[in-house]
Structure formats: structure tokens, C-alpha cells
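Just the structure for this:
(chains A and B)
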Number of protein chains: 2
Amino acid sequence: MTMFAANPGGWVSKTLLVTILAFTGIRSPMAGEKSPSDFLLRNGMEVVVIPDHRAPIVTHMVWYKVGSADEPPGKSGIAHFFEHLMFKATAHHAAGELDRTVSEIGGSKNAFTYYDYTAFHETVPPSALEQMMGFEADRMRNLILTDDVVKTERDVILEERRSRIDSNPQAVLEEEIDATLWQNQPYRISVIGWMQEMEQLNREDAKAFYDVYYHPNNAVLVVAGDVEPNAVKAMAERTFGKIARGPDLPPRIRPAEPEQNTRRTVTLTDARVSVPSFSTQWVVPSYRTAKEGEAEALDLLAEILGGDNRSRLYQQLVVEQGIASTAGAYFQSTMLDNTNFTVYGAPRGDAKLADVEAAVDAEIARIVKDGVTGDELERAKTRYVRSMIFARDKQKDMANMYGSTLATGGNVKDVEERPERIRKVTAEQVKQVAARYLMLDHSTTGYLLPQQQVGN
Amino acid sequence: MTMFAANPGGWVSKTLLVTILAFTGIRSPMAGEKSPSDFLLRNGMEVVVIPDHRAPIVTHMVWYKVGSADEPPGKSGIAHFFEHLMFKATAHHAAGELDRTVSEIGGSKNAFTYYDYTAFHETVPPSALEQMMGFEADRMRNLILTDDVVKTERDVILEERRSRIDSNPQAVLEEEIDATLWQNQPYRISVIGWMQEMEQLNREDAKAFYDVYYHPNNAVLVVAGDVEPNAVKAMAERTFGKIARGPDLPPRIRPAEPEQNTRRTVTLTDARVSVPSFSTQWVVPSYRTAKEGEAEALDLLAEILGGDNRSRLYQQLVVEQGIASTAGAYFQSTMLDNTNFTVYGAPRGDAKLADVEAAVDAEIARIVKDGVTGDELERAKTRYVRSMIFARDKQKDMANMYGSTLATGGNVKDVEERPERIRKVTAEQVKQVAARYLMLDHSTTGYLLPQQQVGN
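Numbering: from 1, shown residues only, chains lettered A, B, ... in the order given. This next block holds a predicted model:
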């Protein structure tokens, strides 16, 4: 699963993404820090303000509750395409005016599209906050979508697909793994879209998408930084508050995944690959769909099994046995629908990929059989919660955590209570989720192989 | 890919289906036989009459150009469910009245749903033809869809799924193979639908489906038998002709399949399996989507590679090497969108599944490298065309061939010209389609394994 950003600061890999969305931005209540304020504008726009007075800077994000998993059949890529179009001319601003303004005041801006949401953000001095709100409020409804604008930008996303997916064996493989793991749920289609459908996207598609999804009642404003909630509220009312509420949105009920009865593999063999690697994934519940405690247990299972250098996979495969150059696990927790849990590894030196895979499987089997120790569970909880505290240092990560949670059906309380809920998880719960979800004969494994390994 | 019939005379297997839809019903022009008549009623209903005077019997079929591949997301199974509902009470006839009438006159009737169409048919003496038209015309628009009727019949399709799919490892595997082979095109979802979506189908879904798709301008009437076109036309005008034309249908443009870059496998291990087996499939063009000559070449490739006991796979694996109990190939040619080409095999005695698979792969590689001989191509053409002539003996098969062709965007001429187009195929064309489409590293293989073979 890959996120697409309009003006990428590089490829957002799966692992990095997990860092951004799952482990960071979660605040432990700290002495002397105010809790976030959360309120609705009259037009239905939700606003979350997270005070952070350490530096004279503010992060301003608008999250739309629409992502690639909301796209109509045959229109894959329209959500990400639309994110690009949001940087074009509006009734009040020329294309590029927002960029120039942010640059001139020494700020930064970007946007990204994922399965469940699309977000636009600017980091600026507090004095420029209302101006940013003005820009975002303007492009929420006043974009000028001409055939010419749409066709020109379509060439840009087609080129983006060529350079970021089609010329990258790992990305091509991930796309087909996702479409094999997911057989019904829309996460099976990559965020950027299938080439043959992107080529057909047109002004009508863009207009229809804009008119359904880009309204204040489908947006969440997250402001983190050196600001006061009351001042933010007044600014939001003067800018976003002027926009009329849009039509009610269709409910976000998407096709769900049927039970998986098979073991599936997806193998890409490519001359550009030098070191083989594999990843195995399972469909598991997300924080949004899980029964109480299961998502927290999966988070800790990922941490214990393969979260970092102190994890079982790393210690066993990389340190002890020395057969792997890398091995780990991650859980993509903040999703609207069921999500995926992944383990991965790559051999080192003369070790074989099959040996690495077998060693990863053995570590999973060991947890399924014997569970985890009280000690390692406590250490995992400590690492998890500490990573939340470290995340406070990054204003944007904090804003991301609130934005992604609110855009996937959660609320501020869900974010605030996360550390407490993590601390409640028992070793038995971790063992149970491993046994329930990580079954090898109901899994999907992807293999990335160098050309000479054909026939292995 | 499995077809669902309302009152099944047994499971319609993949292989049998190919016999019904691809190899049969195709008429070679024969001395003394009239060509089919083809005309439109004023309300847009197409009528094809195929004279067949050998016996005082007539086959009456109504084909709707809607199948499971036309279903909205999340509503899988509605096309087949609706086929069931068509046997319920209408404004003019009680539920079961059509059944009783057909039984009393010694006829037969049935219905089936597939990806691209839904068909209803009765075989009766010619004197009862107009009465059958009356029944079909009535239920085209006058069904009474109550919550009670819908809920009761929903229990029937849920039980049908349990008994025909969920309790049959082969069927469970085929479902997940299809969803792995097809990653975007709607053929990835089985005709009967995913259980969790079938459970939610309701009266509103049924009504919406009926109102979009069940109209004369979305139907083809095929009448084959001891009748004269003019008489059929008069009857059709008195019955179907009374129905108002419905709204124009949405174009049948469906999400298409992206290029496949990987080799995929799907493995089901189940205690109920006694003999292991495998099948490998590829996405290939259908008669509807192929460039000129390619579908014909694929038809002959299937015939030469694995059409029957004289095929390469059977002769090599079953007769010569004696390692397989069965081995063959088939091409599902009459589909609206791209379709699949499949090879399969199962070991005999102590032979291993892997050996059978390797032998099948070797036969494909041999055709890709050396092509086919002029002799075997001629024999394959002769067998193919002879099977069309034999099919003339089965009135229903003839009607099926016209119905399925017309319901997937073809016309009467396409059916009539098939033998001539088959005869034009060159050995080079057969070699070319094998090389272009049957690439092992871009394929999808399903394995059905007994429990003890886990880990093999």
C-alpha cells in the first residue's frame, strides 16, 4: 500500500508510512499541555486545534473523507488526480499562487492521497494561518476545471505512474500483491490507479468527484501549533464558515472482503532486482473494525515480532542466525475498513530466500504456540508509548494522527485513549490475535526475484 | 467460472460449459436448411428464429443482456438472485403457474445466469409457443416483488451457495482463483456472489435491478424449432410487442484488466480432497475483444493442446507418459470482455502433481517454440467444425449459441461465419497466440491439495 503525495519529497514506503500513521503523533497526556479542542462549524466542517507553543509555527491541514477506496468502478486514480487538480486556478487565485505565497513566507506545503482520505497541508508562521485558510476554503468549492487543465494534469499523473510504479519492480509487485490479497474490498486497487483507467479520466469525472466530496461537511480541519483554539475558531468561521454546507454524503459502506480459504503467492521476476525478498500479508481488523482490544494486540504483536532491532524477527534472523539482511513486521492500523498485517525479509550473503521465509514462519508459529513473555510485552508497550511521546516533537506527525483518525471514522478521544488501551493488552490477547489471523495456509506472499532465480 | 441455473440439472462444470457455449450450436450452412431470421420489434427487442423441422418441438429462450459482471459494487449475486425471483408471482400469474403449465404439456423449462447474460427457456410443442411468450412477456415487467418474496428466496440462494460452493473445495478454490486471475475486471467475482453481500440483498436492490435491466430493448428472443419466422414474428408482436420500450441502458463498459506482470498461485488444502490437481489460466481476448483471427487461433490452440483424447496433452501425459489421469485445455470464447484460457491436469498412481504440471508446461513451451504441424491443424479444424455440425442435432445448443453470441455484443453473421473463419487460421497464428498469451511467469495457477500434502 503506497501513499501518493502531490509534490513528493520522495517515495513514501510501506514502512515509513506505518511510522507516520500508526506510531507517531499519538500524544500521551503531558503535564502543562492542553488537550486538543474539537468543534463543528455550522456547515458541518469539523475542526481540531492542538496547541503546541514550543515554536512560532503552525501546521494547517484540511482532510477530506474521500480516498481511492471511494472511487467509482472504472475510475481508479480519480482521488489522487483530483488532489493534483486542487493546485490549479480557482475563481479567486491563479494556479501557483498558493505555492508562491507559502514559499515567500518561508513555509512549506504539500498534499497526499490515500485509500480513505485526501489531505492538504501548509506549515507557516501563525500570522499566515488565516491566509492559508482562505486559500483552502477557496479551492474547496471554486476550482475552475477546464478540459485543458484536466488534460494537461492527466499527463502529469500518467508520468507519475510510469516513474513511480511501472519503472519500479517493487512497486509493480506491491500493486499485484494488494490486488491478490484483497479480492473484493477496494484497497485492492492502488491509490494512483490502473494506467488504462487513468488514461480515460476526464473533466466530467473530475467535476462529479469534486461535487460529491469537496464540501465542508466532508472535511476535517486540523490546526496544530502556536495558536489558541478561540482564535482558530474565529478564523475558521471567517473563512471555511462562509461556505455552504454540501449535500449529504453517501454512507461509506464499501464492499467487504470474503473469508480467505487459500494460500496465495505473487512472484515478480525482474532483471533489475539484485537481492530477492518476500513479504507475507493477512487481512486483519483495523482500529475502526476490530473488536475491543484486538487492534491494540495486533499493534503490540507487530512491535514484538518485527517492530525494530529489538524484535524477535530482527534478533533471530539478522543477529543470531545471520541469514537475513532485513526482517520485520508491521500493522497498518488506522484504516476505515479491515486492513493488512505484514511480515517481510530478505537474505544476506549466501543465505536463501526460502530459509529466511521459513525462519520468519517459525517465529510466527512460536508466538502462536507459546505466546509472548510478560517481560517482552511490557518492553513493547514501553517502546510503543515512548514512540508516541517522541512523536510530540513533530507537529506535523501529531496533526497527521488526529487527521487520519478523524478521517477514518474515529474521534479525538480514540487518539487520546490509545496509550491507555495499549497498556491494557495482555500476553494472552497477543497470542490470540497471532493464532486467529496469521495462518500460513490462508495468507498472501509476494516474492521479488532477480532474473537468474527463475525456476527456483 | 461457474454458471448458475435456477433449477439445476446438475452442476455446470467449466468443461461442460465450454461444450455448451463454444463448440456447439454453431451451424455449418447445410443444403436445404434456411438461415436464421433476425429482426427487431418496435420496442427494441431482437428476435432470432432458427427453423428446425426435424421434430414437432420448439425451444423458446429469452436472453437478457445483463449478468453478474454488470452488478453494482457490493451487490454481488443480484443477477442470479433476480433470475430466481423471475419465477415468483406476477400481476397475472401465480408463482409456479409457468412450471405447472410446462409440465402438463410435457415440456421442460429452465433458466441460467452467467457473467454477461441471464436466460430463461422453455422447450414445448409449437402449439404452446405463444403461451410461453405470454408468460415470458408478463414476467418481463409485471413481477410482484414483496419483502416476503424477496426474503424467502434469499434463503434459497444462500443455501445454494452453501451447498454448491462452500461445501465443495473445488468450487471454493475456483472462486479464489478467479479473484486472483482477474484483478479489476468484474469476472473476478463468482456469479453466485460473495456470501456477506448476498445476505444483504433486499427488495430495493431487486427492484432497482429489474427496472434497469428487464425491458424488451435489453432482451433477445431466440426461437429454434418447428416454426416459421413469419408466424413467430406475429406471435412475438402480440406478446412481447405489447411491452413499452424501456429507458436506454447504460453502456456495457466495464473496468478492464491491467497488464499482469507476475506469476500467481492459489492453493487450497482440504481433507476432503483425495487426488491433487492443478489448473493454470491466462487472460486472453474473447471473440468480442480479439483482433481478427486471434480468438479463432486460441480456439484451435485449445483444441490441439487439450481439446479431447487426441490432443497433445492427453496423448503425452495420459497415454504416452502415463503420469496423468486427466490433462486438457479450454478457451472460454464467447464473453463480452477479455476471457480466460486454461490448462489443467491431475496425476495418476504414484506420479507427482509437480511432474504433471511440468509436463503440461513443456507441451506449451513446445508449441511456443516449434508451433503446430499443418496436419494437426487440419485435423483440429475438422474436429472443431464437425462438432458444430453435430451440435445441430441439439436444438437447445443451437439456440444457446445464438443467444450467447447476441447477448455478448455479436450478431447472427458472427455465428454463421465462424466455420469459415476457423478454416482460415494458419499454423503461424496458432504459434503466435501461444507465444503471446501463455507466458508462465505471467500466469495464475490453482492447486487443490489433499490435507497430507501440506508443505510439499
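
What sits closest to residue A:194 if chain neighbours are left out?
Residue nearest to residue A:194 in three dimensions, not counting chain neighbours: residue B:258, with 4.4 Å by C-beta to C-beta, 6 or more residues apart in numbering or on different chains. (Glycine included, C-beta is placed from N, CA and C.)

ok, now residue A:221?
Here the residue nearest residue A:221, using C-beta to C-beta, 6+ apart, is residue A:47, at 4.6 Å.

So the one you found is in contact with residue A:234, correct?
No. The criterion here is C-beta atoms under 8 Å, and residue A:47 misses it with residue A:234 at 11.1 Å.

more neighbours, the two?
residue A:47 (22 against 13; other C-beta atoms under 10 Å in any protein chain shown).

what about the more buried one, which helix or strand?
strand A:46-51 (DSSP states H and E).

What backbone torsions are found at the residue nearest to residue A:194?
phi -70, psi 170 (degrees, to the nearest 10).

On the three-state scheme, the one residue in the stretch 1-150 of chain A that gets nearest to chain B is what?
Of all residues in the stretch 1-150 of chain A, residue A:74 sits closest to chain B, at 4.3 Å by C-beta to the nearest C-beta. Three-state call for residue A:74 (DSSP: H, G, I helix; E, B strand; the rest coil): coil.

same thing with residue A:254?
coil.

circling back to that earlier point, and the residue nearest to residue A:221, how far is that from residue B:275?
64 Å (C-beta to C-beta, to the nearest Å).

which residues of the stretch 151-300 of chain A fall in helices?
Secondary structure of the stretch 151-300 of chain A (DSSP state H, counting those that start in this stretch): helices at A:169-181, A:195-198, A:203-213, A:229-238, A:294-306.

ok, and for the fourth one, which residues are buried?
Read that as helix A:229-238. A:229, A:232-233, A:235-237 (16 or more other C-beta atoms under 10 Å in any protein chain shown).

cool, and the third one?
Buried positions in helix A:203-213, judged by neighbour count with 16+ other C-beta under 10 Å: A:203, A:205-206, A:209-210, A:212-213.

Over to stretch A:267-279?
Buried-residue list, stretch A:267-279, by 16+ other C-beta under 10 Å: A:267-270, A:273, A:276-279.

Of those residues, which belong to strands?
Within the buried residues of stretch A:267-279, residues falling in strands by DSSP state E are A:267-270, A:277-279.

residues contacting the residue nearest to residue A:194?
A:194-196, B:183-184 (C-beta atoms under 8 Å, 6 or more residues apart in numbering or on different chains).

What helices and strands are in contact with the helix or strand residue A:448 falls within?
Assigned by DSSP H and E, residue A:448 belongs to strand A:444-450. Strand A:444-450 makes packing contacts with helix A:169-181, strand A:263-270, strand A:277-284, helix A:353-370 when contacts are defined by 3 or more C-beta pairs under 8 Å, 6 or more residues apart in numbering or on different chains; DSSP states H and E.

Report the buried residues of the first one.
Under the neighbour-count criterion of 16+ other C-beta under 10 Å, helix A:169-181 has A:169-181 buried.

what sits up against it?
A:1-2, A:14, A:164-166, A:187-190, A:264, A:266, A:268, A:270, A:272-273, A:279, A:281, A:283, A:340, A:444, A:446, A:448, B:180, B:183-184, B:260-262, B:264.

ok, now with 6 Å
A:165, A:188, A:190, A:264, A:266, A:268, A:270, A:272-273, A:281, A:444, A:446, A:448, B:180, B:183, B:261-262 (C-beta atoms under 6 Å, 6 or more residues apart in numbering or on different chains).

Next: the last one.
For helix A:353-370, contacts defined as C-beta under 6 Å, 6+ apart pick out A:276, A:278, A:312-313, A:316-317, A:323-324, A:343, A:345, A:347, A:434-435, A:438.

In ChimeraX, how would I select the buried members of these?
What follows is the ChimeraX syntax for the buried subset of the contacts of helix A:353-370, where burial is set by 16+ other C-beta under 10 Å:
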select /A:276,278,312,313,316,317,323,324,343,345,347,434,438
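
Return the subset of the contacts of helix A:353-370 lying in helices.
Counted as lying in helices by DSSP state H, out of the contacts of helix A:353-370, are A:312-313, A:434-435.
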